[in-house]
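Participant: Curious how this folds, go ahead:
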Amino acid sequence: MEQAERYPSYVVSVASALSASSKPLTVDALVDKVRGQRPVGKGVRSAVYRALKQLYQAVPLGDGHYGWLTHLLQNNMFRHPLSAEEARRGFLLLDELEHAVFFPQFFQTHRPDSRNLKIELFGGPVLACEAAIERRTWSLRLGAPFVEWIDEQGGQGHDNIIIMVMDAAAGHYVLRLQPREMRDEAMIRDRNLLVAMAAEELVADKRRAGQSVPTWELAALLIARALFTDSTPPDDLHLVLQRHSMLALLNGKGYVVKDVHEAGGSRAAARSASSSSLDDAGSLAFWGPQSDSEGEMEFGPEDFDDAEGDSCQDYEEYLAQLAESGQLSTPLSHSDYHLLEAELEMLISLEQEFGYLMPEQGVRVTELSGRLFIDPDVLRNSEQDPFDDSDMDGPLFWQN
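Facilitator: Here you go, the predicted structure:
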């Protein structure tokens, strides 16, 4: 029997462990849980880190712990600006943040999520609904009962809908209408500024990598920072970042710090064939599979200083593994590490494409995997496929 048939992959094992835990887990705790599900080798920590990067719902909390997005959403509250059309026709257009709130698994595969939701209208009926499409935008179709509920409460466009997460795993949410004149503007502004500052910090971490941060990734990271647990939620995410942050939204898909975007844009304009646009499918940059045009900006090395102080989670794990190994060799620099990592990934990709490697290439794989503390089987068994929207019956963009 094939190994993949006998044992769950690292991705499946890590997802199982995190989704089963109501509390965030450290990498050490995840390693222990993975050991209980499948055989592991010396590269188990690296394998766990790589699995975490492939799971959208596995969200870093910034303190060495990882949480499962569905659990992190518990008791969160979000503000939705109600439009006149939504109030009249009975639906809510979803931006990326709200899409992740109602359908946290969607951004793992970017495939339509068919789960049924229990939507309780505060002081009104309880509705069963699912994802729908309005104006080529993902939406939540609530129908006539929602229209009647809005009308009974004297609601109208420009009022707010407060979304309360009761049980994200069970799909149970409560919607409350807040008239515009009841907004606590001072408190909302404070919440907006907190979100904007946190978003700037998170996006700035990606600056030297020359990457934009997809909005859905940024949304999960902000949720992990408990920025939506207050009873007075901030405004719409895109509005907050536009008005209160130094971030720029590239082609409706990902955020960069404005000064980086402007510098990169001016340089890109001088290149006859370059572009800083993202592809239609978007990217799962941190958690998901990468391809040539997934979420990466067309910045060259001259746009970023490659200082020795640069680091990332993979590199920190490499340094930790090197220290644990007792080897006396000088650590690779951050950029050298990623250069060799890319070579290893390329060789594994060639092996999968052609079905074999030449002997010297196989030796090189062994050499690189040992030097970088990367288990090549983790790369071979990656379950993620590049996103293909050819059969997708839905929009690629969030236009609101």
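
Participant: what's His338 in contact with, if anything?
Facilitator: By CB atoms under 8 Å, 6 or more residues apart in numbering, the residues touching His338 are 314-315. C-betas here are computed from N, CA, C, even on glycine.

Participant: Mind checking what secondary structure it has?
Facilitator: At His338 the chain is in helix, as set by DSSP: H, G, I helix; E, B strand; the rest coil.

Participant: ok, which stretches of this structure are strands?
Facilitator: Ranges of strands in the chain, per DSSP state E, are 25-26, 58-60, 65-68, 77-81, 91-93, 117-121, 126-129, 131-134, 137-141, 160-167, 172-178, 213-214, 247-250, 254-257.

Participant: Can you list the low-confidence ranges for the protein?
Facilitator: When residues are selected by pLDDT under 70, those of the chain lie in 1-5, 207-210, 259-311, 324-329, 381-400.

Participant: Would you point out which residue is most central in it?
Facilitator: Glu217 (2.6 Å; CA atoms, centre = their mean).

Participant: re earlier: of all the strands of the chain, which lies closest to Glu353?
Facilitator: strand 213-214 (27.3 Å; CB to CB).

Participant: now that closest one: how far from the chain's centre is it?
Facilitator: Put simply, strand 213-214 sits 8 Å off its chain's centre (CA atoms, centre = their mean, to the nearest Å).

Participant: From Thr366, how far off is the residue sitting furthest away from the middle of the chain?
Facilitator: The centre of the chain is farthest from one residue, Pro359, which by CA atoms, centre = their mean lies 38.6 Å away. Between Pro359 and Thr366 the distance is 11 Å, computed by CB to CB, to the nearest Å.

Participant: what does Pro104 give?
Facilitator: Pro104 sits 39 Å away from Thr366 when distances are taken as CB to CB.

Participant: And the two? Which one has more around it.
Facilitator: Between Pro104 and Thr366, counted using other CB atoms under 10 Å, the more crowded position is Pro104 (24 against 11).

Participant: Show the contacting residues for that one.
Facilitator: The contact partners of Pro104, by CB under 8 Å, 6+ apart, come to 57, 69-70, 73, 168.

Participant: make it 10 Å
Facilitator: Pro104 makes contact with 56-57, 59, 68-73, 113, 115, 168-169, 220, 223 under the criterion CB atoms under 10 Å, 6 or more residues apart in numbering.

Participant: Also Arg364?
Facilitator: Counted by CB under 10 Å, 6+ apart, Arg364 has contacts 343-344, 347, 357-358.

Participant: With Leu340 instead?
Facilitator: 318, 332, 367-368, 371-372, 374.

Participant: and it, how far is that from Ala47?
Facilitator: Leu340 is 18 Å from Ala47, by CB to CB.

Participant: what's the answer for Tyr10, then?
Facilitator: Separation of Tyr10 from Ala47 (CB to CB): 5 Å.

Participant: just the buried members of the contacts of Arg364?
Facilitator: Buried residues within those, counting neighbours by 16 or more other CB atoms under 10 Å: 344, 347, 357.

Participant: returning to that earlier point: relative to Ala198, which of the strands of the chain is closest?
Facilitator: strand 247-250 (11.1 Å).

Participant: how distant is that closest one from the center of its chain?
Facilitator: Put simply, strand 247-250 sits 16 Å off its chain's centre (CA atoms, centre = their mean).

Participant: Rebuild the contacts of Arg364 as JSON lines, extending it with distance to Gln108.
Facilitator: Below are those laid out as JSON lines (distance: CB to CB, whole Å):
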{"residue": "Glu343", "distance to Gln108": "28"}
{"residue": "Leu344", "distance to Gln108": "25"}
{"residue": "Leu347", "distance to Gln108": "27"}
{"residue": "Leu357", "distance to Gln108": "31"}
{"residue": "Met358", "distance to Gln108": "36"}
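
Participant: Specify which member of these is nearest to Leu322.
Facilitator: Using CB to CB, Leu344 comes nearest to Leu322 of these, at 16.0 Å.

Participant: contacting residues around that closest one?
Facilitator: 364-365, 367-369, 371-372, 374, 376, 379.

Participant: Neighbour-wise, give me the winner out of those residues.
Facilitator: Top of those by neighbour number is Ile374, holding 26 neighbours under the definition other CB under 10 Å.

Participant: hang on, isn't that residue packed against Gln321?
Facilitator: Yes: in this structure, Ile374 is within contact of Gln321 by CB atoms under 10 Å, at 9.2 Å.

Participant: residues shared between the contacts of those two?
Facilitator: 43, 46.

Participant: from memory Ser22 sits against Gln74, does it?
Facilitator: Yes: applying CB under 10 Å, one finds Ser22 in contact with Gln74, separated by 8.4 Å.

Participant: For the two, work out which one has more neighbours and name it.
Facilitator: Neighbour totals were compared for Ser22 and Gln74, and Gln74 leads with 13 against 10 (other CB under 10 Å).

Participant: and Met77, how many neighbours?
Facilitator: Going by other CB under 10 Å, the residues that sit close to Met77 add up to 18.

Participant: Next one: the closest residue in space to it that isn't next to it in sequence from Ile223, what distance?
Facilitator: Distances taken as CB to CB, 6 or more residues apart in numbering place Pro233 nearest to Met77, at 4.5 Å, with adjacent residues excluded. Here Pro233 is placed at a distance of 12 Å from Ile223 (CB to CB).

Participant: Any idea what the nearest residue to Ser231 once chain neighbours are set aside is bridged to?
Facilitator: Spatially, and ignoring its direct neighbours in sequence, Ser231 is nearest to Met77 (6.5 Å; CB to CB, 6+ apart). Taking DSSP bridges as the rule, Met77 bridges to Met164.

Participant: how much space is there between Met77 and Leu55?
Facilitator: As judged by CB to CB, Met77 and Leu55 stand 25 Å apart.

Participant: so how many other residues sit close to the closest residue to Leu249 other than its chain neighbours?
Facilitator: Of all residues not flanking Leu249 in the chain, Tyr255 sits nearest, at 5.7 Å (CB to CB, 6+ apart). Other residues lying near Tyr255 total 24 when counted by other CB under 10 Å.
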